[in-house]
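**Q** would you be able to build a 3D model of this:
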Amino acid sequence: MTLAAVAREAGVSPATASRALNGTTRVRDELRGRVRAAADLLGYIPNAHAQALAGIEGNRTVGLICHDVGDPYFAGIAGGVMRAAAERDLLVMLASTFREPAREVAYVSMLRAQRARAILLIGSGFQDRAWERAMDAELGPYLRAGGRVAVVSRHRSLRVDAVLPENRAGAAKLAKALVTLGHREFAALTGPPELTTVADRLAGFREGLAEAGIGLGRVVRGAFTREGGHDAARRLLAAVGPRPTCLFAVTDVMAVGALAALREAGVRVPEDMSLAGFDDIPLVRELSPPLSTVALPLAVMGERVIALALRTPSGAGRSRVVRVDGEVVLRGSTGAPPGS
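**A** Coordinates of the predicted model:
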């Protein structure tokens, strides 16, 4: 079925039918209704490739790039993006980079070639000058051509709209809450230090402890996964010296792995050691004991980042920032330190 047939059925010119279906130019509501009714009657499907060639604004595709869609943190944000996109009749193309900076740049390049209407980066930025230069080289021409970009989390060099969870402030508030429980001996499990999320959460936790005159003890790095948290916790337990009374994992996913490692080693939570995470993914409420954490509204963050991307540019080269507070939620995995 061709566009010309739809135009004949609706009693309009092919040019008017094209404008009514692809939305590139305003068409009277009465004409648009006739054309769409004719398209539905005839089973006509617009040629997406032809629409893309007509310009970015005519494309109904949004690219969503995350670090790992299997991680409930990213799945929660992606869910919010997809619900908001569905309300706007947009198609979301989802890609996982598995925290490989070069792969992230490559995916942006592919989305540029597809002339996606918007590109969303919902993973932590990398503190890596080579990555920053490569990403700027890809995004600059795309933005000048009319593309839209928005990100979640801090991306040091990208001058684009952003949804910024208050990672640093949230971790500081968590540290203060744990100090209030009576803890003085802390350790932390962190991910790759080049990720801005890791740097911000660890710095915030240190700051919160420092306000109480307490230093952070051992910091153990691991992969940003359940297995990474499990391995890091095992290495912490195997270290020589007194054990901390409270363990902070910079993500809930790592905390889930750490909880399993503590249980395997016969360490009771929270009787022998308290454990806290960050994000409040749904799974942690069902753990035994349920995990204390900093709760972020993940789906809302997804809705806000796509809304930023689809809004009219602010002009004058200014980027818009939406800040999202984290709420400390103390559950059964934290309590008073042993012997208190």
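**Q** residue 62 sits in which helix or strand?
**A** Remark: residue 62 resides in strand 61-66, with elements defined by DSSP states H and E.
**Q** which element follows that strand toward the C-terminus?
**A** Going C-terminal from strand 61-66, and assigning secondary structure by DSSP H and E, you next hit helix 72-87.
**Q** quick check: angle from that next one to strand 61-66?
**A** Angle of helix 72-87 versus strand 61-66, following axes from the mean of the first three to the mean of the last three C-alpha atoms, to 10 degrees, is 170 degrees.
**Q** can you give me the buried ones in helix 72-87?
**A** By neighbour count on 16 or more other C-beta atoms under 10 Å, the buried set for helix 72-87 is 72-78, 80-82, 84-85. Just so you know, the C-beta spots here come from the backbone N, C-alpha and C atoms, and that holds for glycine as well.
**Q** give me the contact list for it.
**A** 62, 64, 66-69, 91-92, 94, 96, 120, 122-123, 152, 251-253, 279, 281-283, 298-307 (C-beta atoms under 8 Å, 6 or more residues apart in numbering).
**Q** again, only using 7 Å
**A** Helix 72-87 has contacts (C-beta atoms under 7 Å, 6 or more residues apart in numbering) with 62, 64, 66-69, 92, 94, 120, 122-123, 152, 251, 253, 279, 281-283, 298-303, 305-307.
**Q** just the ones of those residues in helices?
**A** The helices, defined by DSSP state H, take in 253, 298-303, 305-307 from the contacts of helix 72-87.
**Q** of those, just the buried ones, PyMOL syntax please.
**A** In PyMOL syntax, the buried subset of those is picked out as below (16+ other C-beta under 10 Å):
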select buried, resi 253+298+299+301+302+303+305+306+307
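**Q** could I get the ones in helices among the contacts of helix 72-87 as TSV with distance to residue 320?
**A** TSV is the format used below for those (distance: C-beta to C-beta, whole Å):
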residue	distance to residue 320
253	29
298	20
299	20
300	16
301	15
302	16
303	15
305	11
306	13
307	10
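**Q** go through the ones in helices among the contacts of helix 72-87 and name the one nearest residue 28.
**A** Using C-beta to C-beta, residue 307 comes nearest to residue 28 of the ones in helices among the contacts of helix 72-87, at 27.8 Å.
**Q** so where do the strands sit in the stretch 1-150 of the chain?
**A** Remark: strands assigned in the stretch 1-150 of the chain by DSSP state E, counting those that start in this stretch are 61-66, 91-96, 118-121, 148-152.
**Q** what's in contact with the helix or strand following the last one?
**A** Secondary structure here is assigned by DSSP H and E; on that basis, the next helix or strand after strand 148-152 toward the C-terminus is strand 161-165. With C-beta under 7 Å, 6+ apart as the contact definition, strand 161-165 has outside contacts at 150-155, 296, 301, 304-305, 308-309, 319-324, 326.
**Q** would you write a ChimeraX line that selects the buried entries of those?
**A** Here is the ChimeraX selection string for the buried members of the contacts of strand 161-165, based on 16+ other C-beta under 10 Å:
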select :150,151,152,153,154,155,296,301,304,305,308,309,322,324,326
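**Q** so where's the chain shaky on pLDDT?
**A** In the predicted model of the chain, residues 1, 23-25, 45-59, 127, 156, 312-317 satisfy pLDDT under 70.
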